[in-house]
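J.: got a predicted structure here, sequence first:
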Amino acid sequence: MAKHGKKYRSIKAKAPAAPVSIEEALDFIKSNPAAKFDETIEVAMRLGSDPAKSDQAVRGTVSLPNGSGKNMRVIVFAAGAQAEVAKAAGAEAVGFEDLIEKVKSGWTEFDVAISTTDAMKEVRKLGRVLGPRGLMPNPKTGTVTDDVGPAVVAAKGGKVEFRMDRTGNLAVLCGKRSFETAKLAENIQAIIEAVRAEKPSSAKGQFIRSCTLSSTMGVGVKVVIKE
């Protein structure tokens, strides 16, 4: 079991015992910094969806209205004109066979991978490298597309992906501690609505069973979510 430092324990002792509003949780996190750097704020949810059933998988994307505050490193698997468009849109790395070989060798210094439809025939071979890291391009998240320019711009501008894990939990970054409370709350509300929109038809009962906000090094604060 991980041992937390004195500062963490001090913050935890002051944290609300019962769920509070999103704004109250954010105000607590912002007024009790756990690190000297500008921490990332994350929203975590426990979902009422069975991860063992393929028809209850939850995955999607959401464009944060106030951005993520993170410099998203985007790569694009493309050739020809699409490759030029991707470069012009600001992708950090663009290529086809050469980029595939680089990733196959273990290079994963990027946050989002986008692929054209044609390139996916070869990119699928990177499943063992990209799959476990949640980086495999997917049509559902808009990362397999033949309109790569807007996809790159969206990824770098605040579009984030969410995906339920094997334990039925989901976590998404929603901004930086330095963001205004109102802007963070707006991002969080957008995430909640996007996750709700992905509720599987076969999932019964309350869908978002719990929701917690936390900073990179800080304690989790549970928030009230109205179903």
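T.: That came in fine, so what should we check first?
J.: all helices for the chain, in order.
T.: 6-14, 22-31, 80-89, 97-104, 120-123, 127-130, 148-157, 181-197 (DSSP state H).
J.: to Val62, which of those lies closest?
T.: helix 181-197 (3.7 Å; Cβ to Cβ). (Each C-beta comes from the backbone N, C-alpha and C, glycine too.)
J.: identify the residue spatially nearest to Pro65, adjacent ones excluded.
T.: Residue nearest to Pro65 in three dimensions, not counting chain neighbours: Glu186, with 5.3 Å by Cβ to Cβ, 6 or more residues apart in numbering.
J.: oh, that last question was meant for Ala154, not what I typed.
T.: Using Cβ to Cβ, 6+ apart, the closest residue to Ala154 is Ser63 (6.4 Å).
J.: next, the buried residues of stretch 174-188.
T.: 174-177, 179, 183-188 (16 or more other Cβ atoms under 10 Å).
J.: could I get the residues you listed in JSON lines, plus columns for distance to Ser201?
T.: Below are those laid out as JSON lines (distance: Cβ to Cβ, whole Å):
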{"residue": "Cys174", "distance to Ser201": "27"}
{"residue": "Gly175", "distance to Ser201": "31"}
{"residue": "Lys176", "distance to Ser201": "36"}
{"residue": "Arg177", "distance to Ser201": "37"}
{"residue": "Phe179", "distance to Ser201": "35"}
{"residue": "Lys183", "distance to Ser201": "33"}
{"residue": "Leu184", "distance to Ser201": "31"}
{"residue": "Ala185", "distance to Ser201": "29"}
{"residue": "Glu186", "distance to Ser201": "28"}
{"residue": "Asn187", "distance to Ser201": "27"}
{"residue": "Ile188", "distance to Ser201": "25"}
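J.: and the furthest pair within those residues?
T.: Using Cβ to Cβ, the two most remote members of the buried residues of stretch 174-188 are Arg177 and Glu186, lying 15.6 Å apart.
J.: follow-up on the earlier one: just so I know, which of the helices of the chain lies nearest Thr167?
T.: Closest among the helices of the chain, using Cβ to Cβ: helix 181-197, at 15.8 Å.
J.: and the contacts of that closest one?
T.: For helix 181-197, the surrounding residues in contact (Cβ atoms under 8 Å, 6 or more residues apart in numbering) are 22-23, 26-27, 30, 41, 43, 45, 47, 58, 60-66, 68, 160, 162, 170, 172, 174-175, 179, 207-208, 211, 213, 225.
J.: what about stretch 120-133, how long is it end to end?
T.: Using Cα to Cα, to the nearest Å, one end of stretch 120-133 lies 17 Å from the other.
J.: report the distance from that stretch to the chain centre.
T.: For stretch 120-133, the gap between its own C-alpha mean and the chain's C-alpha mean amounts to 19 Å (Cα atoms, centre = their mean, to the nearest Å).
J.: next, the buried residues of it.
T.: Neighbour-count burial for stretch 120-133 [16+ other Cβ under 10 Å]: 120, 123, 126, 129-130.
J.: next one: stretch 151-169
T.: 151-152, 154-156, 158-164, 168.
J.: same thing with stretch 50-69?
T.: Going by 16+ other Cβ under 10 Å, stretch 50-69 has these buried residues: 50, 56, 58, 60-64, 66-69.
J.: again with stretch 139-147
T.: Counting neighbours by 16+ other Cβ under 10 Å, stretch 139-147 gives 141-145 as buried.
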